[in-house]
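Asker: after the sequence you'll find the predicted model.
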Amino acid sequence: MKKIIGALCIMTLIWACSSESATDDEVIIPDDQEEVSFERSAMLINWADNIIIPSYEAFSGDLDALLNSFNTFKVDTNEGNLTAFRSAWINAYTSWQRVEMFEIGPAESVGFQLNMNIYPTNTENIDEFIVSGSYDLSLSSNRSSKGFPALDYLLNGLGEDDTSILAFYNGDNKDALFTFTEDVLLDMKSLTDTVLSDWTEGYRDTFVANDGASSTASVDRMVNDYIFYYEKYLRAGKMGIPLGVFSGAPLPENVEAYYEGTISNELFLEGLNAVQDFFNGKHFNSETEGESLASYLDALNSVKDGEDLSSLINAQFNTARDLVSDLAAFREEIENNNTPTAMFLAYDEVQKAVPMLKVDMVSAMSISIDFVDADGD
Amino acid sequence: MKKNLFVLSSIASLLFISCSSDDDSLELTTCEDGDCDPVETTIDNPDSYVFTRDNESTVSFDGQTTRLKMGSEILSALTDVTLTSDQILSMYAHEEGANDFEEIELNASDKSVKSKTAASADFFSTNATDQTLIRADFDGFITAQVNEVFPNWEVAAAEGTAGQIADGSSTRYINAQGLEYNQAFNKGLIGALTLDQIVNNYLSTAVLDEGDNRADNDANVVAEGKTYTNMEHKWDEAYGYVYGLNADAANPNDDLGADSFLNKYVGRVEGDDDFAGIADEIFQAFKLGRAAIVAKQYDVRDAQAEIIREKLSEVIGIRAVYYLQQGKNSLDQETPDYGGAFHDLSEGYGFVYSLQFTRKTNSTDPYFTKEEVDAFLVDIMDDGENGLWNVEAATLDAISTDISGRFSFTLEQAAE
């Protein structure tokens, strides 16, 4: 048996050498499966207990702080409290970037991503809701009139500056405005409470126990959701769509936190950090790393072009981060440059990680991608 | 006897040439007047759908473009809650001068979508019964949308309750059984209007060769006041139902998806690797058939008509199976995606409806009869009290298997 494995290795090496000119994209996975010992369940436990649940708990805490700052502002409607309310919103929005990718189980059931963060927000609806006082935020069609982007409008978009924004909260319609803002916040809190309690009261065990390797196993599904998030939400939603990659013309109003105007790249970077930390199994708010997609790839000994695939993916994330960090706020980049070349270059580096994850990583792990580009109608 | 055999083999070679050739010009040998001296006849097959007589274009399909635009406005109207059912029914059964549409030219037109619904010469000229029933279905989709779904526009849908439901970032509006009437209307009309008019009407010899059409075409007699012969125009009218809204109608495959009807789904099937090339096959057959009319090569013309019938019918079959399987997959997961599934199944419902307008090659029959289609539609909705909310995977698989079994594609090829 050993001999056969040896022969296989040699053959693999020969094949590897000879195939280089033919295709650079082959991922080489040695055939000696016996040497691979990786416990998918250990990775699931690390994800659930050290990353996902702590991230939700932290987010939930920041959301409570946001509600408190709102209540303070409501009681004492002045500029200082508006500023505090706004910074609590930025804090929670940043913390949201650490949970947005986990659209599985409880989050998937309630449609967490799309109930919390559809932008651009529908300001026409919001204006009408405030005037009429009649709305049902649980409706599917109202998802684009609530969540963080609605708060962006309510905190930053009602007027040119804080004085004129405060005028709204002290004006004739103040009660309706406060009521609507509160309803948006309570809707976010209720969704978050549901997701977090479902995780801690049952789903965690279901998730961890489903440790097989099939299209319905937790690892396969989480990896699909993770890549979907990276490709559609982080890459396309936060950068590509406002940049005009898909429409041919820039759409600055599609920037996340458009009305605030300066934090979109920071929100993106927090999302990218969350993606990379998840990849490396890094515990929430800690330097400790546990079993992860990276360690799984290392156990599989996945090599591409002579380098560890996990190192290549981390290097690509780092390159993307460096370029995005050098950018001004996205809205500024898009509105102030005829062709926002620097942002396009950064986008291209973000994009380069997509095939690494969606082709190389999943083929090494024998995971099939279950999403395709949406039908569009 | 010997002569007959020769004629037969000559026809066979014609068919062979027409199917396999993609040359610009075809050299054909025919046997005329019983005198079997070979006569050379050339079909001048252009690169794009451009045909002229005395330097003027002979291609015209305004009426089809008009109906596709009317169809598109009707689809928008089906999600405009400010409209009444009478208003939308009037759009569907438009009368000249009535103020039904936003596009003013459409109002002036004497054409309507309803008058061409289930109106082909081959299938409905002696079947007013089914024609009436089918038109009543489309009227029914409109009135039910207004009466059942519009009142619940701002209500969350639930089993047994009409209303709205999330499908990804989109919102869908369904009846109490989970069906989107506007999808049933849209995808059903692909068969009842566009496909039926193409494969059972304009490409039919009953229409192409009607009256003196063949003699006139042989003698280059154009229709009164027109640049085209009647036969040329009939063929173009078929073409217009697929390509009537493309930016460059002479090269329509550059922007497939120009309408929400057949054009879009030729594009979708083309986008599936299993069927890549089908869009060009359809276009080439239209083009060669039209060139054959100019060259008075009616066997070549009819062979192209058969190719178009086969391929366009296949588009309907493939999309029916595709949507039923997509819907099944959306339901069959830890967190069932009801909104996504109902949207797919509603599209599938419409494509299944359209199967009764397909046309088998070298036959006068559809791939599925109206009775078979009606039975499928009942099956899709009757696994439980509440239609699509209760539909079972086995039902969707059984119908998918039945459909793919009658076409030359497999369920697996269509499903992804």
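Answerer: All right, it came through fine.
Asker: any idea how far the residue of the stretch 51-200 of chain A at minimum distance from chain B is from B:Gly160?
Answerer: Chain B sits closest to A:Ser140 of the stretch 51-200 of chain A, with a gap of 3.8 Å, by C-beta to the nearest C-beta. C-beta here means a position set from N, CA and C on the backbone, and glycine is covered the same way. In this structure, A:Ser140 and B:Gly160 are 18 Å apart, going by C-beta to C-beta, to the nearest Å.
Asker: which of these two has more neighbours?
Answerer: With neighbours defined as other C-beta atoms under 10 Å in any protein chain shown, A:Ser140 and B:Gly160 compare such that A:Ser140 has more, 22 against 12.
Asker: quick one, phi psi at the more buried one?
Answerer: Listed backbone geometry of A:Ser140 is phi -50, psi -40, with angles given as degrees, to the nearest 10.
Asker: does whichever residue of the stretch 151-300 of chain A sits closest to chain B count as helix, strand or coil?
Answerer: Of all residues in the stretch 151-300 of chain A, A:Thr216 sits closest to chain B, at 6.8 Å by C-beta to the nearest C-beta. Going by DSSP: H, G, I helix; E, B strand; the rest coil, the secondary structure assigned to A:Thr216 is coil.
Asker: contacts only, for it.
Answerer: If you count contacts by C-beta atoms under 8 Å, 6 or more residues apart in numbering or on different chains, A:Thr216 has them with A:Asn210, B:Gln333, B:Glu334.
Asker: what's the burial count for the first one?
Answerer: Each residue near A:Asn210 was counted by other C-beta under 10 Å, and the total is 20.
Asker: what residues are up against the residue nearest to it when sequence neighbours are not counted?
Answerer: Spatial nearest neighbour of A:Asn210, excluding adjacent residues (C-beta to C-beta, 6 or more residues apart in numbering or on different chains): A:Ser218 at 4.3 Å. Shown in contact with A:Ser218 (C-beta under 8 Å, 6+ apart): A:Leu44, A:Ile104, A:Phe207, A:Val208, A:Asn210, A:Asp211.
Asker: circling back to that earlier point, the residue of the stretch 151-300 of chain A closest to chain B and B:Glu334, how far apart?
Answerer: From A:Thr216 to B:Glu334 the distance is 7 Å (C-beta to C-beta).
Asker: over to A:Pro120?
Answerer: Spatial separation of A:Pro120 from B:Glu334 under the definition C-beta to C-beta is 32 Å.
Asker: okay, those two: which has more neighbours?
Answerer: Neighbour count, other C-beta under 10 Å: between A:Pro120 and B:Glu334, A:Pro120 has more, with 18 against 13.
Asker: how about the contacts made by the residue of the stretch 1-150 of chain B found nearest chain A?
Answerer: For the stretch 1-150 of chain B, the residue closest to chain A is B:Leu75, as judged by C-beta to the nearest C-beta, at 10.4 Å. Contacts for B:Leu75 were tallied using C-beta under 8 Å, 6+ apart; they are B:Asn182, B:Phe185, B:Asn186, B:Ser260.
Asker: same check, this time on A:Asn273
Answerer: A:Arg321.
Asker: buried residues, the helix or strand where it lies. List them.
Answerer: The secondary structure element spanning A:Asn273 is helix A:264-279 (assigned by DSSP states H and E). Using 16 or more other C-beta atoms under 10 Å in any protein chain shown as the burial criterion, the residues of helix A:264-279 that qualify are A:264-272, A:274-279.
Asker: stretch B:52-62: which residues count as buried?
Answerer: B:Thr58, B:Val59, B:Ser60, B:Phe61.
Asker: how close does the second one get to B:Phe286?
Answerer: As defined by C-beta to C-beta, B:Val59 lies at a distance of 11 Å from B:Phe286.
Asker: okay, how far is it across stretch A:327-340, tip to tip?
Answerer: Counting by C-alpha to C-alpha, to the nearest Å, the length from the leading to the trailing residue of stretch A:327-340 is 10 Å.
Asker: which non-adjacent residue is nearest B:Gly71?
Answerer: When the adjacent residues along the chain are set aside, B:Gly71 lies closest to B:Val113, with 5.5 Å between them (C-beta to C-beta, 6+ apart).
Asker: can you check A:Val223 too?
Answerer: Leaving aside its sequence neighbours, A:Val223 sits nearest to A:Ile367 (C-beta to C-beta, 6+ apart; 5.2 Å).
Asker: looking at the chain, which helix is longest?
Answerer: Here I'm looking at chain A. The helix of greatest length in chain A, counted in residues with DSSP state H as the criterion, is given as helix A:174-198.
Asker: wrong one, chain B
Answerer: Once chain B is assigned using DSSP H, the helix that runs over the most residues is helix B:298-331.
Asker: average pLDDT across that one?
Answerer: Averaging pLDDT along helix B:298-331 gives 98.
Asker: do stretch B:193-211 as well
Answerer: Here stretch B:193-211 scores 97 as its mean pLDDT.
Asker: again, but for stretch A:366-377
Answerer: 71.
Asker: kindly report the same for stretch B:276-294.
Answerer: For stretch B:276-294, the mean per-residue pLDDT is 98.
Asker: next, the buried residues of it.
Answerer: Result for stretch B:276-294 [16+ other C-beta under 10 Å]: buried residues B:278-279, B:281-294.
Asker: so which of the residues you listed are in strands?
Answerer: Secondary structure defined by DSSP state E assigns none of the buried residues of stretch B:276-294 to strands.
Asker: chain A: which of those is nearest?
Answerer: Nearest to chain A, judged by C-beta to the nearest C-beta, of the buried residues of stretch B:276-294 is B:Ala279 at 17.3 Å.
Asker: which residues does the nearest residue to that closest one once chain neighbours are set aside contact?
Answerer: In space, B:Ala279 comes closest to B:Glu270 once its chain neighbours are excluded; the distance is 4.0 Å by C-beta to C-beta, 6+ apart. Under the criterion of C-beta under 8 Å, 6+ apart, the contact list for B:Glu270 reads B:Asn253, B:Leu256, B:Ala276, B:Gly277, B:Ile278, B:Ala279.
Asker: okay, the residue nearest to B:Gly71 and A:Leu191: tell me how far apart.
Answerer: Using C-beta to C-beta, one gets 44 Å for the distance from B:Val113 to A:Leu191.
Asker: ok, A:Asn273 next?
Answerer: Going from A:Asn273 to A:Leu191 by C-beta to C-beta gives 24 Å.
Asker: now for chain A, the helix or strand with the poorest mean pLDDT.
Answerer: Taking mean pLDDT, DSSP states H and E as the measure, the helix or strand of chain A with the lowest value is helix A:2-19, at a mean of 38.
Asker: flag every residue of the stretch 101-250 of chain A that's near chain B.
Answerer: For the stretch 101-250 of chain A, the residues in contact with chain B (C-beta under 8 Å from any C-beta of the partner chain) are A:105, A:108-109, A:111, A:114, A:118, A:136, A:138-141, A:143, A:216, A:221.
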